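Colleague: Sharing a model that was predicted from the sequence below.
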Amino acid sequence: MLQSWRSWHQKRELRSHLGRHQPKRIDTETEKRAGWREHGILIVAERDPRLTWSERALVRQLGAKLYGQRRDTPNG
């Protein structure tokens with residue numbers, strides 16, 4: 001009987017009540033889209049490959065105007 005309990009115990013999946021508290025993965029693009037559509041909040045990475053050179057320059061200008069120069073830029 002002890003041996004059957006051990007084999008059952010070894011095969012049993014580890015469970016914890018903390019599992020429901022673990023963060024769930026989110027789709028960041030979906031969240032960004034919802035932020036823009038629902039709240040008018042735009043999150044844009046300066047190096048987003050979907051942007052043209054001039055759009056990246058505009059993002060840099062807006063960021064500098066609103067938040068100051070970045071530290072890793074030659075002008076900052």
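Modeller: Arrived safely.
Colleague: what's the single longest helix in this structure?
Modeller: The longest helix of the chain (DSSP state H) is helix 53-67.
Colleague: Show me what the mean pLDDT comes to for it.
Modeller: The average pLDDT within helix 53-67 is 96.
Colleague: Just the buried residues of it, please?
Modeller: 56, 59 (16 or more other CB atoms under 10 Å). In short, each C-beta sits where N, CA and C put it, glycine included.
Colleague: And for stretch 16-23?
Modeller: Going through stretch 16-23 with 16+ other CB under 10 Å, nothing comes out buried.
Colleague: can you give me the mean pLDDT across it?
Modeller: pLDDT averaged over stretch 16-23 gives 73.
Colleague: Can you give the distance of that stretch from its chain's centre?
Modeller: 20 Å (CA atoms, centre = their mean, to the nearest Å).
Colleague: CA atoms only for that stretch - export them in PDB, please.
Modeller: Extracted in PDB, the C-alpha atoms of stretch 16-23 (Å, rounded to 0.1, in the frame of the first residue of the first chain):
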ATOM      1  CA  SER A  16      -0.400  25.400  -5.400                       C
ATOM      2  CA  HIS A  17      -3.000  28.000  -4.400                       C
ATOM      3  CA  LEU A  18      -0.500  30.600  -5.500                       C
ATOM      4  CA  GLY A  19      -1.000  29.700  -9.100                       C
ATOM      5  CA  ARG A  20      -4.000  32.000  -9.500                       C
ATOM      6  CA  HIS A  21      -1.900  34.900  -8.300                       C
ATOM      7  CA  GLN A  22       0.800  34.500 -11.000                       C
ATOM      8  CA  PRO A  23       0.600  37.200 -13.700                       C
END
